[in-house]
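In: Below are the sequence and a predicted model for it; my questions follow.
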Amino acid sequence: MAIKKQISFDPKVPLAKENAAFAVKLASMAYKTRSEIEAGLDDLGFKDEQAAFVRSRLCSCFIIRCEDVTAIAFKGTTNWREHLNNANVWPEVTSHGRVHSGLLYTMERLSPLLQQLIGADVLSGRKILLTGHSRGGALAQIFASSLVVGGHMPHSVWAFGSPMVGDHTFASLLTNVPVAIYRNGNDPISLFPPSISPNSAIAKWILSFKVVYIPVILIRYVGIVISNYFSPVAPS
């Protein structure tokens with residue numbers, strides 16, 4: 001299914017190379033202004049009425065629809081409020097494991113609106129793709145977990161340079177969801193929250209954080225430069 005000549009989407013293979021290119025493009029665009037995003041979407045063949053924009057004090061994202069695909073791209077950190085929220089790393093105890101407190105706070109306030117905006121998409125069986133870079137990738141994972149709890153399975157989740165989100169119990173929520181996490185080995189954000197002392201009680205809590213490894217499929221396709229998350233994907 002061609003979304004545009006330069007970008008294609010494979011609905012049958014969630015973690016296909018084409019979908020990686022699609023996801024990374026949207027994750028990059030999420031940092032731009034609304035007018036820049038609209039211009040970028042127009043270049044990709046999307047019409048303005050196919051995009052919806054959501055903004056709050058701690059998060060912004062945009063939603064696009066094309067044929068049977070609905071994609072949500074979450075923005076990463078760009079202001080001091082978001083930095084302070086990122087620093088709130090205390091593991092919040094939930095019924096589905098321990099989760100980064102600051103990020104959970106953000107998504108709990110955004111999720112109801114997103115659920116409302118894509119409710120019809122989910123019920124009609126449209127494929128839901130979630131993507132984001134850094135903080136945006138973490139929010140994508142948390143929103144994916146809320147969809148799963150509600151009985152809806154995302155088509156795929158893409159996180160580029162995402163910080164750690166939750167513990168193994170949280171990760172188990174996404175066991176049946178295709179999740180792809182790309183990280184640069186030298187990127188400290190992907191190792192955040194850090195440990196404090198191997199013997200401290202706080203460290204034991206923080207060390208219980210895991211990037212969603214179960215079942216993470218860490219894909220490295222030729223043409224995707226991991227050290228530059230937003231480099232173009234070479235055509236196959």
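Out: Happy to help now that I have it. It should be emphasised that the depicted structure is a prediction, and the values quoted were computed from it without experimental measurement.

In: contact partners of stretch 106-114?
Out: Stretch 106-114 is contacted by residues Val54, Ser56, Leu58, Cys59, Cys61, Ile63, Ile72, Asn85, Leu139, Ile142, Phe143, Ser146 when judged by C-beta atoms under 8 Å, 6 or more residues apart in numbering. (Glycine included, C-beta is placed from N, CA and C.)

In: Show me which residues of that stretch are buried.
Out: Buried positions in stretch 106-114, judged by neighbour count with 16 or more other C-beta atoms under 10 Å: Thr106, Met107, Leu110, Ser111, Leu114.

In: Which members of those residues are the farthest-apart pair?
Out: Thr106 and Leu114 (11.7 Å; C-beta to C-beta).

In: Let me see the mean pLDDT of the longest helix seen in the chain.
Out: Of all the elements of type helix in the chain, the one with the most residues (DSSP state H) is helix 101-123. The average pLDDT within helix 101-123 is 92.

In: Quick one: name whatever helix or strand follows that helix.
Out: strand 127-133 (DSSP states H and E).

In: State the next helix or strand along the chain beyond that next one.
Out: helix 135-149.

In: if we look at the next helix or strand after that following helix, which residues are touching it?
Out: Downstream of helix 135-149, the first helix or strand assigned by DSSP H and E is strand 156-160. Strand 156-160 has contacts (C-beta under 8 Å, 6+ apart) with 14-15, 19-20, 23-24, 27, 129-134, 137-138, 140-141, 144, 174, 177-183, 211-212, 229-230.

In: Fine by me, we can end here.
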